[in-house]
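In: The following block contains a protein sequence and its predicted model.
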Amino acid sequence: MGRDDLVISARSIFLNKGNRQKFSLLTLIIVSIIVLSLEYFKTGPINQFRSVTKDVVFKTSYFISLPFLKLKNAYYGISDFLKIHEENKQLKIIDLNIEELKFENQFLKEENIRLNALIEEKTLFLDNYHVTNILLDQESPYLRSIVINKGFKHDIKIGSAVRSGSYFIGKVVGVNYLTSRVLLINDLNSKIPVIIEPNGISAIVSGNGSKFNGDIEYLPEKNQVEEGHIVYTSGIDGIISSGIPIGKITIINSKKIVKFFADFDQIKYVKVYFKK
Amino acid sequence: MSLFANRIYSKTITSLPTLILLLVVILDLNINIIYKNYDFIINFSYIIVFFWGLKKPEHLGYGLIFFAGIINDVVQSLPIGISSLEYLLLSVIGAFIRNRTIIYNLIYDWISFFIAILIVGSINYIILIGIFKIPIIYESLILGLFVTFLIYPIFFKIFFWIDNMVLIKQNDKKNR
C-alpha cells in the first residue's frame, strides 16, 4: 500500500461523514477523549451532571429491563412452585408433631426474653434504613455490584452498610441523586473489617469474585479460628455498624475462608442504612 | 398486512442493528461466564459494532455508537468515555478494512476482528490500569476477548441474515 493511498484512506475514514452519518469519526473520537479526561473532575457542576446522567441511565435501564425481569421472575416462580409441590408431597408422608413443636417454640421464645433481660442486651442497628429494590445487578470479572433505587436525596452516604435480610452484603461506593452503587462483599476490591466470634479475633474479609465465599486476611498466625465460627462486621471503620453477620468459617485444604450467609443470586430487595 | 403495520415492520427491521446494540448495553447482556477459576465476559457489543461498522455503517450511526458507549460505561461503572472510544476505534478499523477490501469473506473478517479486538483490548487495558488505576485481571480480559473472537462467525451469520432482510425491505420501498 502506497503512502498516498494510506493518507487518502485515513482522510476518508476520519473526516468523511459518509452516508446517513451526522458526525465524522474524528470528531467523536476527540469528544470521547474529552469526556474521558473529565473523569478526573470529581466536584462541581461536572460531577452533578455525571450524577444526573447516571440516574437517567439507571432508571431507563431498569424500566427497559422490566419485561425481562418479569419473565425471569415467572421462571423462578414456576420452578419454586414445583419445588414446593414436591416438598409438600414429602411432608405429607412425614408425621410431624406440630403441637409439640409449638410448645418447644414458645418455651425457647420465653427463655430468650429471660436471658436477654439477664445480660441486658442492647439493640444493635439503631440506625435508620430504607428498604429498596435493585435497579441493576452488575456482574463482570472486574466488578460485583448492584445499583439501588436510593441516592443522596434519601440521605445515603458513601460507605453506608447494605444488608439483605439480616446479612451484610456490601457497602455504598457511589451516590447519585436518586440511585447509588453498592460494591458487594465478594468484589475483588471489597475489604471489610470483621470480628470472628466466639473468640473475638479481628481480621479483614476480602472478596475474590466468588458468589459463595470470601478470603480472610490479616488473621493472627496463632489463631483459634475454627470451622463454624461466625464472622460479623467489626465496625472499626466507624461507618458500618458492628455485629452484622456476614458468614461462617469454612476450612478448605487447611485454608480458612468465609462462607457467605447471603445468597447473591436471590437478592431482590436490600436494606440500606443511613444517618440523618 | 396494513400499510401502517408494514411501515412499523419495515422501520423495525432497518433499525435492528441499532436496537440490538442499545439493548445489549442498556440491559448489560454481555454475558459473564464463571467456570471453575476462570471468570470472563463475552463482549457482544464489540461484535455488533465491528460487523456493522465494516459492512453497513449507514445502519449504525457513529453518534449512536458513541452514545451506546456512554450508556455502557455508566452501567458497568467504568470511566465515562472509555467504551465510546473503544467502539469508535473498532469502527475505525472496520472502516479501514472496508476501504481496502473488494470481496468479503468470513475468514478475512474473522482475522480482522481478532486484530481489531486485540488493539482495542490493549488500549482498554492501558487506559484502565495506567491512567485510572482500576485493577483488571489480565487473564480474564484475554480469555474474554478470545471467546468473543471464537463466537464471531455465529453472529456473522445472524447479522448477515438481518442485513439481507434490511436489503429486501429497502428494495420493497424503492419498488413501491
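Out: Thanks, I have the structure now. Residues are numbered from 1 along each chain as shown, chains lettered A, B, ... in the order given.
In: How about B:V120, nearest residue that isn't a chain neighbour?
Out: B:E86 (4.9 Å; Cβ to Cβ, 6 or more residues apart in numbering or on different chains). Using the backbone N, CA and C atoms, a C-beta is placed for each residue, glycine as well.
In: And stretch B:17-37, how far out from the chain middle?
Out: On the basis of Cα atoms, centre = their mean, to the nearest Å, stretch B:17-37 is displaced by 11 Å from the centre of the chain it belongs to.
In: Run a quick neighbour tally on A:L38.
Out: 15 (other Cβ atoms under 10 Å in any protein chain shown).
In: What of A:G209?
Out: That count, for A:G209 with other Cβ under 10 Å as the rule, works out to 19.
In: One more: A:R181?
Out: A:R181 has 23 nearby residues by other Cβ under 10 Å.
In: Shouldn't it be within a strand?
Out: Yes: with DSSP: H, G, I helix; E, B strand; the rest coil as the criterion, A:R181 is part of a strand.
In: Output the lowest mean pLDDT helix or strand found in chain B.
Out: strand B:32-35 (a mean of 72; mean pLDDT, DSSP states H and E).
In: Report the residue spans of chain A with pLDDT below the cut-off.
Out: A:1-2, A:17-21, A:119-127, A:138-142, A:276 (pLDDT under 70).
In: So in it, which strand runs the longest?
Out: Determined from DSSP state E, the single longest strand within chain A is strand A:128-140.
In: In PDB, list the C-alpha atoms belonging to that strand.
Out: C-alpha atoms of strand A:128-140 as PDB (Å, rounded to 0.1, in the frame of the first residue of the first chain):
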ATOM      1  CA  ASN A 128     -32.400   4.100  60.100                       C
ATOM      2  CA  TYR A 129     -32.700   2.200  57.000                       C
ATOM      3  CA  HIS A 130     -34.500   2.200  53.700                       C
ATOM      4  CA  VAL A 131     -35.800  -1.000  52.100                       C
ATOM      5  CA  THR A 132     -35.100  -0.600  48.400                       C
ATOM      6  CA  ASN A 133     -35.200  -2.700  45.200                       C
ATOM      7  CA  ILE A 134     -32.300  -3.400  43.000                       C
ATOM      8  CA  LEU A 135     -32.300  -1.500  39.700                       C
ATOM      9  CA  LEU A 136     -29.300  -3.200  38.100                       C
ATOM     10  CA  ASP A 137     -27.300  -6.300  39.000                       C
ATOM     11  CA  GLN A 138     -23.900  -5.900  37.600                       C
ATOM     12  CA  GLU A 139     -21.600  -8.900  37.300                       C
ATOM     13  CA  SER A 140     -18.400  -8.800  35.500                       C
END
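In: So what are the sheet partners of the helix or strand just after that strand and their directions?
Out: On the C-terminal side of strand A:128-140, the closest following helix or strand by DSSP states H and E is strand A:143-148. Strand pairing for strand A:143-148, determined by DSSP bridges: strand A:128-140 (antiparallel), strand A:180-184 (antiparallel).
In: who touches strand A:143-148?
Out: With Cβ atoms under 8 Å, 6 or more residues apart in numbering or on different chains as the contact definition, strand A:143-148 has outside contacts at A:58, A:132-138, A:162, A:170, A:173, A:179-184, A:186-188, A:190, A:207, A:209, A:264, A:267, A:270, A:272, B:76-77.
In: which among the residues you listed end up buried?
Out: A:58, A:132, A:134-138, A:162, A:170, A:173, A:179-184, A:186-188, A:190, A:207, A:209, A:264, A:267, A:270, A:272, B:76-77 (16 or more other Cβ atoms under 10 Å in any protein chain shown).
In: who's in contact with residue 26?
Out: Using chain A. A:14-15.
In: Switch to chain B, please.
Out: A:57, A:60-61, A:64-65, B:71, B:75.
In: rerun at 7 Å
Out: By Cβ atoms under 7 Å, 6 or more residues apart in numbering or on different chains, the contact list for B:I26 reads A:60-61, A:64, B:71.
In: ok, which pair from these is furthest apart?
Out: Spanning the widest gap among the contacts of B:I26 are A:I64 and B:I71, at 10.6 Å by Cβ to Cβ.
In: Can you pick out the residue with more neighbours from the two?
Out: Legend: neighbour count by other Cβ under 10 Å for A:I64 and B:I71, higher for B:I71 (23 against 13).
In: Need the three-state assignment for the residue lying closest to B:F132 once chain neighbours are set aside.
Out: Sequence neighbours aside, B:P79 is the residue nearest to B:F132 in space, at 5.2 Å (criterion: Cβ to Cβ, 6+ apart). Three-state call for B:P79 (three-state DSSP): coil.
In: Okay, B:P79 and A:L136: tell me how far apart.
Out: Noted for B:P79: a distance of 18 Å to A:L136, by Cβ to Cβ, to the nearest Å.
In: cool, A:S79 as well?
Out: For A:S79 relative to A:L136 (Cβ to Cβ), the value is 23 Å.
In: Which stretches in the stretch 1-150 of chain A count as helices?
Out: A:3-14, A:25-37, A:44-93, A:98-119 (DSSP state H, counting those that start in this stretch).
In: residues near A:L118, how many?
Out: 8.
In: residue contacts, it?
Out: If you count contacts by Cβ under 7 Å, 6+ apart, then A:L118 has nothing around it.
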